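Q: Provided below for reference: sequence and predicted model.
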Amino acid sequence: MKMAVLLAGAYLAGSVNFSILLFQILGRDDPRRQFSGNAGVTNVYRQAGLLWAVVVLLLDIGRALGVCWVALHMLALEVVPWMGLAFIIGNRYPCFHQFRGGKGVAGYLGFTALISPISAGVSALVWVVVYGIARIPFIASFFMIAVLAIGTIIACGFRTEAVAGTVATVFFIFNNHRQNVAAFFHEVLKREKHRCIRVRPK
């Protein structure tokens, strides 16, 4: 019963989307109506600039830290990753915002920071490095999520429940980016096709 209540609480906490609320306060249009249609930090940056993107990032991380703190104090460590999954599901499908939210990357970073602070720090550095090389946010996020997942599994002692919850969360976040992946490969194939046309002998 306690687990069910905490999972529901994590989902509800994740359902509070700060980017949507912030845009309402600022009198701006819903962030889901432009660019990627995603109510996350990257789309806030595209529409409102770095300052507000950082504000949303800090709010997302702070909320995730709070959820994880509660989980760590009320549950066995090996089941805490399942709280993270419920939180990320709320972020992706928020009941307060027509079930259209963000993709959960910033939230997962914040949630993992209490479980494995070292992996959280390393993952942030990895994101910066990969983004500096690839210049594609979702690819950098994939590497960051992988580092966070490994850190979580190690911190939880490789327990079966923890591994299962972590893997489920990672696959859920990766699936949230399927449109980004499809668009990326579509662009790569289009460029390759154009390149082949240019070099085709006359």
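A: Now that the structure is in, tell me what you want to look at.
Q: where does this protein have low pLDDT?
A: Filtered on pLDDT under 70, the chain yields the residue ranges 194, 198-202.
Q: For it, which residue occupies the most central location?
A: residue 105 (1.4 Å; CA atoms, centre = their mean).
Q: where's it relative to residue 150, distance?
A: Remark: distance between residue 105 and residue 150 (CB to CB, to the nearest Å) = 16 Å. All C-beta spots, glycine's among them, are computed from the backbone N, C-alpha and C.
Q: what do you get for residue 110?
A: Counting by CB to CB, the separation of residue 110 from residue 150 is 17 Å.
Q: go on, residue 33?
A: Taking CB to CB as the measure, residue 33 falls 36 Å from residue 150.
Q: before we move on, what about residue 131?
A: To residue 150, residue 131 is 19 Å away according to CB to CB.
Q: what comes up buried for stretch 69-83?
A: 70-71, 75, 78-83 (16 or more other CB atoms under 10 Å).
Q: Out of the residues you listed, which comes closest to residue 183?
A: The closest of the buried residues of stretch 69-83 to residue 183 turns out to be residue 81 (CB to CB; 29.6 Å).
Q: That closest one in helix, strand or coil?
A: Following DSSP: H, G, I helix; E, B strand; the rest coil, the label given to residue 81 is helix.
Q: same check, this time on the one 3 residues further on
A: Assigned state for residue 84: helix (three-state reduction, three-state DSSP).
Q: wait, doesn't it sit right on residue 162?
A: No - under the criterion of CB atoms under 8 Å, residue 84 makes no contact with residue 162, lying 10.3 Å away.
Q: These two: which has the busier surroundings?
A: A direct count of neighbours by other CB atoms under 10 Å for residue 84 and residue 162 places residue 84 higher, at 29 against 23.
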